[in-house]
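K.L.:
Requesting a structural model of the entry that follows:
(chains A and B)
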Amino acid sequence: MLVLSRKINQSIMIGDDVRIVIVAVDRDQVKLGIEAPRAVPVHRSEVYEEIRKANQEALGAAPVTSGKPERATLRPRTKPPH
Amino acid sequence: MQQEQITVDLPRFGPCTFGASEVIEFPWGLPGFPTLQRWLPLNLDSHPTFVWLQSLDDPSVALPSVDPWMVFETYDPKMPAYAFTSLEIREANDFATLCVVVVTPDAHEMTINLMAPVVINLRTRKGRQIMLDGSDYSPREPMPRKTAEKASASSKSA
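P.N.:
This is a model prediction of the structure:
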């Protein structure tokens, strides 16, 4: 793993279009600012990990089902969000 | 329109025939299944409430999901920008939303992942599971009793 030292308001670039700024440091907590293209997802690692676990649990717990499989028709949500 | 028909033998559901245009591509896979990119949404006539996301790259993988608004009418996910940008979604009619559920074998207890809805562009048939980081929605929200009973009853009445 690459390890870099930065001061407050300094930043690092990842590739050409992701910039991470050290916004504040308070004891064991660091506040980061992230500038990334709109198509790039940014989330905390533990959120990803939690969703990964939930997906695998959904697979493991899925009941043995019988029935004829038919293609599901997917529809947009009919009621507009308020 | 004539299109190529594909038949696969699914370990969970048996033989299934579908058209190539019905496949949904998940270019980024799904968390936990990063290499599985081609999925087919299936209904079972015995469980109409569920949409099974069936992997075509690994036929042993199928995830049950539901339309979240069938369960929580007030569900109001604030989609991050990357959801619509990366999937090229321009308007509300462009996409469908599904939430993965965890079901116990007797179907009496279910949880629904409201924190990471699966969003599918119906025009391009591309999908992605979106993380609502910072939202209060739980990845394991207990399914209300009513819905759980409806789902298991529908399996008996079929």
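K.L.:
Isn't residue A:44 up against residue B:133?
P.N.:
Yes - assessed by Cβ atoms under 8 Å, residue A:44 is found in contact with residue B:133 at 6.0 Å. From N, CA and C alone the C-beta is placed, and that goes for glycine too.
K.L.:
Between those two, tell me which one has more neighbours.
P.N.:
Legend: neighbour count by other Cβ atoms under 10 Å in any protein chain shown for residue A:44 and residue B:133, higher for residue B:133 (16 against 11).
K.L.:
Now do the contacts for the more buried one.
P.N.:
Taking Cβ atoms under 8 Å, 6 or more residues apart in numbering or on different chains as the contact definition, residue B:133 lies against A:42-44, A:47, B:80.
K.L.:
Give me the buried entries from those.
P.N.:
Buried by 16 or more other Cβ atoms under 10 Å in any protein chain shown: A:43, A:47, B:80, out of those.
K.L.:
Filter those down to the ones in helices?
P.N.:
Using DSSP state H, the subset of these located in helices is residue A:47.
K.L.:
of all the buried ones among the contacts of residue B:133, which comes closest to residue B:93?
P.N.:
residue B:80 (20.2 Å; Cβ to Cβ).
K.L.:
Distance of that closest one relative to residue B:135?
P.N.:
Look at residue B:80 and residue B:135: by Cβ to Cβ, to the nearest Å, they are 10 Å apart.
K.L.:
go on, residue A:11?
P.N.:
Counting by Cβ to Cβ, the gap from residue A:11 to residue B:135 is 27 Å.
K.L.:
now residue B:6
P.N.:
The gap separating residue B:6 from residue B:135 is 37 Å, by Cβ to Cβ.
K.L.:
Do a quick rundown of the helices in chain B.
P.N.:
B:68-71, B:81-87, B:145-157.
K.L.:
now the last one: mean pLDDT?
P.N.:
The average pLDDT for helix B:145-157 rounds to 56.
K.L.:
Quick check: the residue of chain A nearest chain B.
P.N.:
Of all residues in chain A, the one sitting closest to chain B is residue A:67 (3.2 Å; Cβ to the nearest Cβ).
K.L.:
okay, now that residue: neighbour count?
P.N.:
So residue A:67, with other Cβ under 10 Å, has 16 neighbours.
K.L.:
List the buried residues of the helix or strand containing residue A:57.
P.N.:
Using DSSP states H and E, residue A:57 sits in helix A:45-61. Within helix A:45-61, the residues scored as buried using 16+ other Cβ under 10 Å are A:47-48, A:50-52, A:54-59, A:61.
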